[in-house]
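Asker: The amino acid sequence is not available; the structure is as follows:
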Ligand code: ADE
Ligand code: ZN
């Protein structure tokens with residue numbers, strides 16, 4: 001679709017109003033400090049920060065690992081099916097307010113089984129929230145189980161085994177947590193098994209790690225999308241491959257800023273990825289920790305990079321193209337996107 005240029009204030013209203021899909025967010029990263037303290041109280045647990053403000057003040061990170069350490073502390077308060085439901089419910093309400101029509105939600109069970117919570121408790125709670133959001137808001141949401149890459153292959157196989165009774169509640173499998181030193185090929189066999197089982201496959205690669213990790217996510221794990229992938233820009237042959245095969249990148253600008261992947265948003269490469277013809281999308285990653293949900297990511301990134309209404313349309317269109325919804329629903333969502341742009345003035 002050819003989009004006419006519009007004034008900056010109208011562009012910001014359009015970014016908020018446009019229908020979009022969110023494909024890269026970790027549900028445990030949507031736990032706001034207020035909910036962390038409420039769940040700690042409900043579960044009669046101590047939490048190692050005195051209050052919400054002290055916890056928020058600790059959200060200063062210099063890399064992925066420094067974030068993951070605090071993020072894992074937050075997950076301690078999640079114990080019951082209702083806790084997982086309430087966390088997912090809060091995110092889905094928030095995403096609906098940002099005109100997210102469809103969300104693909106990352107979660108892991110290994111963190112929670114490590115705390116003595118059954119994988120079924122996690123999956124049932126999250127799934128019920130997705131079903132309720134469909135019924136109440138008409139939005140679609142599906143679940144992607146991520147293996148934790150700092151743990152070993154055997155642990156990933158056990159995780160898969162524990163999730164199999166809930167197979168129908170999951171659309172795909174992903175790979176998250178500490179990237180450096182944990183290349184995708186560490187999980188070659190378990191991803192091959194997931195592929196045989198019919199799961200859709202994605203992996204974090206090229207967030208902090210080198211382009212080689214993106215190559216092996218594609219060629220060894222055979223994933224269909226790359227989460228982050230911003231380091232691809234350093235490898236022209238890889239860029240060509242991503243463009244030719246229309247491999248989407250789920251980019252998370254505020255996450256990249258907070259984890260020091262780019263020193264400022266003005267130096268982010270989202271605009272250059274789009275100019276190169278990459279199927280890039282905008283996502284929030286861990287919105288409670290990185291200063292904003294999806295619309296805040298759009299607003300700040302467009303302001304910093306001076307992106308256009310045409311690029312806004314492209315990013316939203318890409319988000320539906322890159323999603324794992326069926327072709328009928330994709331067409332309906334893309335028609336709504338087109339209608340929004342045609343009637344926006
Ligand atoms: N888990 C939660 N957020 C993550 C990120 N940005 N990278 C890798 N694993 C994560
Ligand atoms: Zn992520």
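Answerer: The structure has been received and is ready for your questions. What you see is a predicted model; the values in this text were computed from it and never measured. Residues are numbered from 1 along each chain as shown. Ligands and ions are numbered 1, 2, ... in the order given.

Asker: Residue 102: which element?
Answerer: strand 100-107 (DSSP states H and E).

Asker: Tell me which helix or strand comes right after that strand.
Answerer: Past strand 100-107, the next helix or strand by DSSP H and E is helix 110-113.

Asker: Next secondary structure after that next one?
Answerer: helix 119-137.

Asker: Report the mean per-residue pLDDT for that following helix.
Answerer: Mean pLDDT, helix 119-137: 98.

Asker: and the angle from that helix to strand 100-107?
Answerer: 170 degrees (axes from the mean of the first three to the mean of the last three Cα atoms, to 10 degrees).

Asker: Pairing partners for the helix or strand just after helix 119-137, with directions?
Answerer: Sequence-wise, the next helix or strand downstream of helix 119-137 (DSSP H and E) is strand 140-148. Applying DSSP bridges to the sheet, strand 140-148 is found paired with strand 100-107 (parallel), strand 172-176 (parallel).

Asker: Distance of the closest residue to residue 287 other than its chain neighbours relative to residue 132?
Answerer: Once flanking residues are discounted, residue 287 sits nearest to residue 293: 4.5 Å by Cβ to Cβ, 6 or more residues apart in numbering. Using the backbone N, CA and C atoms, a C-beta is placed for each residue, glycine as well. As defined by Cβ to Cβ, to the nearest Å, residue 293 lies at a distance of 19 Å from residue 132.

Asker: what about those two, which has more around it?
Answerer: The residue with more neighbours, out of residue 293 and residue 132, is residue 293; 22 against 15, by other Cβ atoms under 10 Å.

Asker: So which residues on this structure come close to ligand 1?
Answerer: 26, 29, 64, 176, 177, 204, 207, 255, 285, 286 (Cβ under 6 Å from any ligand atom).

Asker: would JSON lines of the residues you listed with neighbour count and pLDDT be doable?
Answerer: Output for the residues of the chain next to ligand 1, formatted as JSON lines (neighbours: other Cβ atoms under 10 Å; pLDDT from 0 to 100):
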{"residue": "26", "neighbour count": "27", "pLDDT": "98"}
{"residue": "29", "neighbour count": "22", "pLDDT": "98"}
{"residue": "64", "neighbour count": "22", "pLDDT": "96"}
{"residue": "176", "neighbour count": "24", "pLDDT": "98"}
{"residue": "177", "neighbour count": "21", "pLDDT": "98"}
{"residue": "204", "neighbour count": "31", "pLDDT": "98"}
{"residue": "207", "neighbour count": "24", "pLDDT": "98"}
{"residue": "255", "neighbour count": "28", "pLDDT": "98"}
{"residue": "285", "neighbour count": "30", "pLDDT": "98"}
{"residue": "286", "neighbour count": "25", "pLDDT": "98"}
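
Asker: Out of those residues, list just those in strands.
Answerer: 26, 176, 204 (DSSP state E).

Asker: which residues touch the last one?
Answerer: Okay, so that is residue 204. By Cβ atoms under 8 Å, 6 or more residues apart in numbering, the contact list for residue 204 reads 149, 174, 175, 176, 179, 226, 227, 228.

Asker: let's see it at 7 Å
Answerer: 175, 176, 179, 227, 228 (Cβ atoms under 7 Å, 6 or more residues apart in numbering).

Asker: Is the spatially closest residue to the first one that is not a sequence neighbour bridged to anything, and to what?
Answerer: On the basis of Cβ to Cβ, 6+ apart, the spatially nearest residue to residue 175 that is not a chain neighbour turns out to be residue 203, at 4.0 Å. The bridge-partner assignment for residue 203, based on DSSP bridges, gives residue 226.

Asker: Now do residue 203, the pLDDT please.
Answerer: Reported pLDDT for residue 203: 99.

Asker: looking at it, it is touching residue 225, isn't it?
Answerer: No: Residue 203 lies out of contact with residue 225 (Cβ atoms under 7 Å); the separation is 8.3 Å.

Asker: Compare these two (neighbour count), which wins?
Answerer: A side-by-side neighbour count of residue 203 and residue 225, using other Cβ under 10 Å, places residue 203 first with 31 against 25.

Asker: Residue 305 versus the more buried one, what's the distance?
Answerer: Relative to residue 305, and taking Cβ to Cβ, residue 203 is found at 26 Å.

Asker: Please apply the same query to residue 23.
Answerer: Distance from residue 23 to residue 305, by Cβ to Cβ: 20 Å.
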